[in-house]
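Engineer: Got a predicted model here, sequence first, then my questions.
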Amino acid sequence: MGLKGKVAIITGSTSGIGLGIAHALAAEGASIVINGFGDPDDIKAIRQDLASRYGVEVRYSAANMMEAGQISAMVADAKAELGGVDILVNNAGIQFTAEIQDFPAQRWDDIIAVNLSSAFHAMSAAIPLMKQAGWGRIINIASAHGLVASAQKAAYVAAKHGIVGLTKVAGIELANHGITCNAICPGWVLTPLVQKQIVARAEREGKQEAQVRTELLAEKQPMHDFSTPEQIGALSVFLCSEAAKTITGTPLSIDGGWTAA
């Protein structure tokens, strides 16, 4: 329970990586604010599961990550209801693929808003609270695409590179305020959404799921194994620990060797 008494906001945490991080931080005793879209009954079940399993306070914010005012209100609500914001995990993200010449302008704007600007707005609102407390941890979920590029992902790659740059600036600015800011850069992560893609591709190509998994991984990663939300959660817990107090402004790859070449 190394984070007992701390309050964590995790954006985009009703499924996948964000939910894995929420579980990991709650298991260490942190009160949790989850955020994201989903069926109200499913969100209620997630809240109840986190609260009962770990004995922590759990709140839900429906803040739209495209709206700066709603993001700042989410931070203010966490302060009012739970006493502050000690840990901010900027995880919310969306994706769309097309070549640059065919990329719809609105899709570009949406991806930049959710994947990059939302992190800026959340950090801007939370940093004063962290400075007041003299302690804070900001974890930005970037991607291997924050370090390298792939075709047809102009907006996503640009946003994730921006997240890495924003992380570096925050690391410098906050270095002597007891606050660290780091970026986690995952490669392929086995989330429910990715599993659905594997099943669909296996059915479409008439292959076994195991073969499709290996082929998918081999396109980018030397290591033919997925990372998991639980592993990314564990890395997030480490970044919140005393052992990581001098790690800041740093992109940390968890990508099966994707960016090693």
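Structural biologist: Arrived safely.
Engineer: From here on, just use CA atoms for contacts and neighbour counts.
Structural biologist: Will do.
Engineer: Can you spell out which helices and strands pack onto the helix or strand hosting A155?
Structural biologist: According to DSSP states H and E, A155 maps onto helix 154-173. Contact partners of helix 154-173 among helices and strands, from 3 or more CA pairs under 8 Å, 6 or more residues apart in numbering; DSSP states H and E: helix 105-112, strand 179-186, strand 250-254.
Engineer: most packed of the ones you listed?
Structural biologist: Among the helices and strands packed on helix 154-173, strand 179-186 has the highest mean neighbour count (mean count of other CA atoms under 10 Å), at a mean of 26.
Engineer: measure N90 to V58 for me?
Structural biologist: According to CA to CA, to the nearest Å, N90 and V58 sit 17 Å apart.
Engineer: and what of V164?
Structural biologist: Using CA to CA, V164 is found at 29 Å from V58.
Engineer: In terms of neighbours, single out the busier of those two.
Structural biologist: V164 (27 against 23; other CA atoms under 10 Å).
Engineer: Assess the claim that that one and A170 are in contact.
Structural biologist: No. Counting by CA atoms under 8 Å, A170 is not a contact partner of V164; they are 10.0 Å apart.
Engineer: So the protein: which segments form each domain?
Structural biologist: Following automatic domain parsing, one finds the domains of the chain at 7-188+228-254, 190-226.
Engineer: Of those, which shows the lowest average pLDDT?
Structural biologist: Ranked by mean pLDDT, these bottom out at domain 190-226, with a mean of 95.
Engineer: Centre of the chain to it, how far?
Structural biologist: When C-alpha coordinates are averaged (CA atoms, centre = their mean, to the nearest Å), domain 190-226 and its chain have centres 22 Å apart.
Engineer: and the end-to-end length of it?
Structural biologist: With CA to CA applied, domain 190-226 spans 6 Å between its terminal residues.
Engineer: And for S143, the neighbour number?
Structural biologist: Residues near S143, counting by other CA under 10 Å, number 26.
Engineer: Check L147 too.
Structural biologist: Neighbours of L147 under the rule other CA under 10 Å: 18.
Engineer: All further residue positions should be reported with the first residue as 53.
Structural biologist: All set: I'll call the first residue 53, so the last point we hit is now L199.
Engineer: For it, give me its contacts.
Structural biologist: Counting by CA atoms under 8 Å, 6 or more residues apart in numbering, L199 makes contact with K212, H213, V216, T311.
Engineer: What distance do you get for it to C292?
Structural biologist: The gap separating L199 from C292 is 23 Å, by CA to CA.
Engineer: Please identify the deepest-packed of the domains of the chain.
Structural biologist: domain 59-240+280-306 (a mean of 20).
Engineer: Between the two ends of that one, how far is it?
Structural biologist: End residues of domain 59-240+280-306 are separated by 25 Å (CA to CA).
Engineer: about what we covered before: out of the domains of the chain, which gets nearest to M53?
Structural biologist: domain 59-240+280-306 (4.1 Å; CA to CA).
Engineer: how far is the closest one from where the chain is centred?
Structural biologist: Centroid separation for domain 59-240+280-306 versus its chain: 4 Å, with CA atoms, centre = their mean.
Engineer: Pairing partners for S305 in the sheet, please.
Structural biologist: C237 (DSSP bridges).
Engineer: ok, it touching C237?
Structural biologist: Yes. Using CA under 8 Å, S305 is in contact with C237, at 4.6 Å.
Engineer: which residues do the two both contact?
Structural biologist: The contact lists of S305 and C237 share S195, A196, where a contact means CA under 8 Å, 6+ apart.
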